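Student: How does the following fold in three dimensions:
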Amino acid sequence: MKLSLLPFLTCFFILTISSFAQPGCPDPQASNFNAAATSNDGSCQYPLTGFTPVIKATLPAELKEVSGHVKVGNLWYAHNDGGDDSRFYRFDPETGSISQEVKLKDASNKDWEDITASSTDVYLGDFGNNNNDREDLGVYKVPVSEIGNSGSESINNDEWTFIPFHYADQTDFSTLPDDSTVFDCEAMIFFNGKLHLFSKNRRDNITSHYVINQATGVAEKIETFDTNGQISGADISPDGKVVALLGYNLEGLPTVFMWLLWDWQAGSDLVFSGNKRRIELGSAFLTGQAEGIGFADNRTGYLTNERTIANNITFVAESVRYFDIGEWVPESVATDDPQQAELFRVFPNPVSQEVHFQFFENKKPDQMRVVNLVGQVVLEENEAPETLNMGNIPPGIYTVEIISGTRMQAIKIIRQ
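Tutor: Residues are numbered from 1 along each chain as shown. Sure thing, here's the model as predicted:
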């Protein structure tokens, strides 16, 4: 009797593929954490999380309509929206004091809404579009080397560049009520060598993520996400692993929030494909109209809000507030490089005593570390063992990091 190998080969390949990548929620802090998940499918759900930013300083009146700020090297820059001239300011987020004014000659601040930076350039987004009818959207590109150090600097029009763009999916430029606008934007980051925009959708609070093609001037939509509010600012952490979106919800009593995005598809621009955790920042009557967010280091940074006035009464002064997201996104976890995938696996998970490692390279990795939620190394081995006793480590959530040459992979593990 002749047996066909096809059913056995099919079964073998199915088992192989299943063991290689099991999609799910790999974050132990999520309510639907799946310890068996080896790839993040973006399904993580989180409990209601609140945080009160710590007020640091009141800003001077020159920044009463502050709309964005960013750290460039060791310096901070901020700008106002269309209520100011075509200038931005160097300031100290700890004291609020301004030490420099930088003016772009022959430029226009029709509605500057956010600022971001690369290692060489500062970008100012003139893309506020409250009524849907603007056809002159663009981003000013200012070389950092041209800014200078005096208290008052002017950048000539042959030193800055204007990058015009239009949204690929906008065909109607008729004037709309400001509560119906879809093509407004107040949030921008520089990531993977590209300018990324996050729309302020006033109609249904679904934010669109665009990437500007500087060669064609087209902003292409690559993904969307229901942010349940209007996005007013964005920044990316210095390590490139966390995107923070700032916004507010005007339904009922106005509130301010922050979305944290991390562990998205490795090697891609799809920041909504990974973990998405919303942090409630409290009432807008206390934090004001928060418009600016900027990372100071990988997990801390500052928020800025413009002056909030009603009936000629100032409810919230223009201010700077401090935040720390390390509790929710430790530095040891985030998007991995594609080449770092599947260096190893761990089992069992959760673990009570011994944890075992399965390595996928011909040689053992160079180093192994176990890191707690606040980034402290609690165990370290110069050569990764095949079995590790975790009985002396207190129960909790940890990250096991395996380092092999220039590659590193991290896996979250629960110690019961």
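
Student: quick one: pLDDT of the residue most central in space within the chain?
Tutor: In the chain, the C-alpha nearest the mean C-alpha coordinate belongs to V243, at 0.5 Å (C-alpha atoms, centre = their mean). For V243, the pLDDT comes out at 98.

Student: who's in contact with it?
Tutor: V243 sits next to 189, 191, 234-237, 260-262, 271 when contact means C-beta atoms under 8 Å, 6 or more residues apart in numbering. The C-beta positions use only the backbone N, C-alpha and C, and glycine is treated the same way.

Student: hmm, 7 Å instead?
Tutor: Counting by C-beta atoms under 7 Å, 6 or more residues apart in numbering, V243 touches 189, 234, 236, 261, 271.

Student: now I414
Tutor: Counted by C-beta under 7 Å, 6+ apart, I414 has contacts 28, 35, 349-350, 397.

Student: returning to that earlier point: would you verify that the residue nearest to the centre of the chain is located in a strand?
Tutor: Yes - judged by DSSP: H, G, I helix; E, B strand; the rest coil, V243 forms part of a strand.

Student: Ignoring the adjacent residues along the chain, who's closest to it?
Tutor: Leaving aside its chain neighbours, V243 sits nearest to L261 (4.3 Å; criterion: C-beta to C-beta, 6 or more residues apart in numbering).

Student: Please identify the helix or strand for the one you found.
Tutor: Assigned by DSSP states H and E, L261 belongs to strand 255-262.

Student: Check the burial of the closest residue to C185 other than its chain neighbours by counting its neighbours.
Tutor: Counting by C-beta to C-beta, 6+ apart, F127 is the residue found nearest to C185 once chain neighbours are left out, at 4.6 Å. Per other C-beta atoms under 10 Å, the neighbour tally for F127 reads 29.

Student: F127 and V374: what is the separation?
Tutor: Counting by C-beta to C-beta, to the nearest Å, the gap from F127 to V374 is 38 Å.

Student: repeat for L124
Tutor: Where V374 is concerned, L124 sits at a distance of 36 Å (C-beta to C-beta).

Student: and if you look at T308?
Tutor: 34 Å.

Student: Compare neighbour counts for those two and give me the winner.
Tutor: When neighbours are counted by other C-beta under 10 Å, T308 and V374 differ, and T308 comes out ahead with 20 against 9.

Student: I'd guessed the more buried one sits against G288; true?
Tutor: Yes - between T308 and G288 there is a contact under C-beta atoms under 7 Å: 4.5 Å.

Student: anything in contact with each of these two?
Tutor: In contact with both T308 and G288: V316, using C-beta under 7 Å, 6+ apart.

Student: Wasn't N201 part of a strand?
Tutor: No - applying three-state DSSP, one finds N201 to be coil, outside a strand.

Student: Got the domain ranges for the protein?
Tutor: 49-324, 336-416 (automatic domain parsing).

Student: hmm, back to that, so what's the residue nearest to V243 up against?
Tutor: 242-243, 271-272, 274-276.

Student: And I206, by the same measure?
Tutor: 224, 226.

Student: so what's it bridging to?
Tutor: In this structure, I206 bridges to D226 when assessed by DSSP bridges.

Student: where's it relative to F173, distance?
Tutor: 20 Å.

Student: what's the answer for S39, then?
Tutor: Counting by C-beta to C-beta, the gap from S39 to F173 is 42 Å.

Student: ChimeraX command for the buried members of the contacts of I414?
Tutor: Those of the contacts of I414 that count as buried under 16 or more other C-beta atoms under 10 Å are selected in ChimeraX with:
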select :28,35,349,397
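
Student: related to what we said a few turns ago, rounded mean pLDDT for the strand holding L261, please.
Tutor: On average, strand 255-262 scores 97.

Student: Give the pairing partners of that strand; include direction for each.
Tutor: strand 242-249 (antiparallel), strand 275-283 (antiparallel).

Student: in the sheet, who's paired with K221?
Tutor: Applying DSSP bridges, one finds that K221 bridges with Y210.

Student: still on that earlier bit, tell me which of the contacts of I414 fall in strands.
Tutor: Here DSSP state E is the test, and these give I397 as lying in strands.

Student: Now do the same contact list for the nearest residue to L48 once chain neighbours are set aside.
Tutor: Leaving aside its sequence neighbours, L48 sits nearest to E280 (C-beta to C-beta, 6+ apart; 7.0 Å). Neighbouring residues of E280 by C-beta under 7 Å, 6+ apart: 49-50, 255, 257.

Student: rerun at 8 Å
Tutor: Applying C-beta under 8 Å, 6+ apart, the residues near E280 are 48-51, 255-257.

Student: same question, Q22
Tutor: Contacts of Q22 (C-beta under 8 Å, 6+ apart): 34, 36-39.

Student: neighbour-wise, which of these leads?
Tutor: Highest count within the contacts of Q22 by other C-beta under 10 Å belongs to A37, 20 neighbours.

Student: Look up phi and psi at that one.
Tutor: phi -70, psi 130 (degrees, to the nearest 10).

Student: Show me the shaky parts of the stretch 51-200 of the chain.
Tutor: Judged by pLDDT under 70, the stretch 51-200 of the chain has no weakly predicted residues.

Student: So which residues of it form strands?
Tutor: Counting by DSSP state E, counting those that start in this stretch, the stretch 51-200 of the chain has strands at residues 54-58, 66-72, 75-80, 87-91, 98-104, 112-117, 121-126, 138-143, 152-155, 161-164, 166-167, 185-191, 194-199.

Student: among those, which is nearest D297?
Tutor: Taking C-beta to C-beta, strand 66-72 is the member of those nearest to D297, at 8.9 Å.

Student: one step back: nearest to T314, of the strands of the stretch 51-200 of the chain?
Tutor: That would be, of the strands of the stretch 51-200 of the chain and by C-beta to C-beta, strand 54-58, which comes in at 10.9 Å.

Student: Describe which strands that closest one pairs with in its sheet and in which direction.
Tutor: strand 319-324 (antiparallel).
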